[in-house]
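> based on what follows, work out the 3D shape:
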Amino acid sequence: MFDREEVTRRLTAANIAYGRVSDLDDLERHPQNRFRKIDTPNGTVEALGRGAEIEGKVNSSLSVPALGQDNEKIREEFGK
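Here you go, the predicted model:
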């Protein structure tokens, strides 16, 4: 039995199209990954960033609101 790298090498050498099924380890090691730091009420976490950037701009500060933080704004928006 051949491992995935050998099968990929053979298919590429034979000029045969193929697709790979990735697992979470593959996702974690992907060379195009960008991880972002996000502030939360319980501390900073690291999460996988967006797959695309808009004109090379990166949002420098990301945060998750605390529970109820925007209640008043939401009530005002919906007239309640």
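
> that's a helix at Arg75, yeah?
Yes - under DSSP: H, G, I helix; E, B strand; the rest coil, Arg75 falls within a helix.

> the helices in the chain, which residues?
For the chain, the helices defined by DSSP state H cover 4-13, 24-29, 71-77.

> contacts only, for the residue nearest the centre of the chain.
Nearest residue to the geometric centre of the chain (C-alpha atoms, centre = their mean): Leu48, 3.3 Å. Leu48 is in contact with Leu27, Asn33, Arg34, Phe35, Arg36, counting by C-beta atoms under 8 Å, 6 or more residues apart in numbering. Just so you know, the C-beta spots here come from the backbone N, C-alpha and C atoms, and that holds for glycine as well.

> need the strands for the protein, in chain order.
Secondary structure of the chain, counting by DSSP state E: strands at 35-40, 43-48.

> indicate which one of the ones you listed is closest to Gly68.
With C-beta to C-beta as the measure, strand 35-40 is the member of the strands of the chain nearest Gly68 (14.4 Å).

> most neighbours among the contacts of Leu48, which one?
Neighbour counts for those peak at Arg36, which has 15 neighbours (criterion: other C-beta atoms under 10 Å).

> wouldn't that one be in contact with Val45 here?
No - contact criterion C-beta atoms under 8 Å: Arg36 and Val45 do not qualify, at 9.3 Å.
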